[in-house]
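In: Just to be clear, the model below is a prediction. Sequence and coordinates:
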Amino acid sequence: MTSARFTNIHSCRKYVRSLRLDPYASAYELCDQMSSLRDRPIRVVEAPLPIPGPMGVWIARARDDVVVVQELATGTHRDHIVLHELAHILCGHEGEQLPDYQPEIPALETARGGPVGRLRSAYDSVCEREAELLAAAFAEQLLDDLDEEGEGSSDVHKYFAGS
Ligand SMILES: [Zn+2]
């Protein structure tokens, strides 16, 4: 797959700006907003994903997209996992096709050979890079990263980096 839409952080920032999002303090809030903007809702669920294995998984169901995030992940790490899977969704990459997946049933998450047990953890590297870039652009807009004037964090970081 070589048809990456986002090849650098600038194109990602431009896309994020074009969405005209309300401020969001977590990846969960962002997913809620994206759910309103799309025809398909995005649900985020925490589950005991097998270790070793992917920290996050995107499952495409019949009527919505489910982001499953490793329940052991916390704080900014968890946000990043969710943003990364959200980026895969928005980039139109291919999620796990599990139309009837029921994340409410814990046995599915942990059962060896169950749906999540056989998930592939690797997209091709073009998709991974694209998802990472877009996740980074979304992360820059997280409210915790903003100063009191509501501006992006990059200038602040630049300032403190002395450049
Ligand atoms: Zn990925």
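Out: Alright, I've got the coordinates.
In: Tell me how far the nearest residue in space to Glu71 that is not next to it in sequence lies from Cys91.
Out: Among residues not flanking Glu71 along the chain, Glu46 sits closest, at 4.1 Å (C-beta to C-beta, 6 or more residues apart in numbering). C-beta coordinates here come from the backbone N, C-alpha and C atoms, glycine included. Taking C-beta to C-beta, to the nearest Å as the measure, Glu46 falls 23 Å from Cys91.
In: So for those two, which sits in the more crowded spot?
Out: Cys91 (19 against 16; other C-beta atoms under 10 Å).
In: what residues are up against the more buried one?
Out: By C-beta atoms under 8 Å, 6 or more residues apart in numbering, the contact set of Cys91 is 4-6, 127, 130-131, 134.
In: Pick the one among those closest to the ion.
Out: Minimum distance to the ion across the contacts of Cys91 is 4.8 Å, recorded for Ala131 (C-beta to the ion).
In: thought that closest one was touching Gly92?
Out: No: taking contacts as C-beta atoms under 8 Å, Ala131 lies outside contact range of Gly92: 11.0 Å.
In: With neighbour numbers in mind, choose between these two.
Out: Ala131 (24 against 11).
In: what about the residue lying closest to that one once chain neighbours are set aside, distance to the ion?
Out: Nearest residue to Ala131, sequence neighbours excluded (C-beta to C-beta, 6+ apart): Ala87, at 4.1 Å. According to C-beta to the ion, to the nearest Å, Ala87 and the ion sit 8 Å apart.
In: so who does Ala87 touch?
Out: Contact analysis of Ala87 by C-beta under 8 Å, 6+ apart lists 130-135, 138.
In: Please export the C-alpha coordinates of stretch 55-74 as CSV.
Out: Extracted C-alpha coordinates of stretch 55-74, given in CSV (Å, rounded to 0.1, in the frame of the first residue of the first chain):
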residue,chain,number,x,y,z
MET,A,55,-1.8,-2.3,22.7
GLY,A,56,-4.8,-1.2,20.7
VAL,A,57,-7.0,-2.7,18.1
TRP,A,58,-9.5,-1.3,15.7
ILE,A,59,-12.4,-3.5,15.0
ALA,A,60,-14.8,-2.7,12.2
ARG,A,61,-18.3,-3.9,13.1
ALA,A,62,-21.4,-3.7,11.0
ARG,A,63,-22.6,-0.3,12.2
ASP,A,64,-19.7,1.2,14.1
ASP,A,65,-16.0,1.1,14.8
VAL,A,66,-14.6,-0.2,18.0
VAL,A,67,-11.2,0.8,19.4
VAL,A,68,-10.1,-1.7,22.0
VAL,A,69,-7.3,-0.3,24.2
GLN,A,70,-5.2,-2.3,26.6
GLU,A,71,-6.8,-1.8,30.0
LEU,A,72,-3.4,-1.7,31.7
ALA,A,73,-2.4,1.4,29.7
THR,A,74,-3.0,4.7,31.5
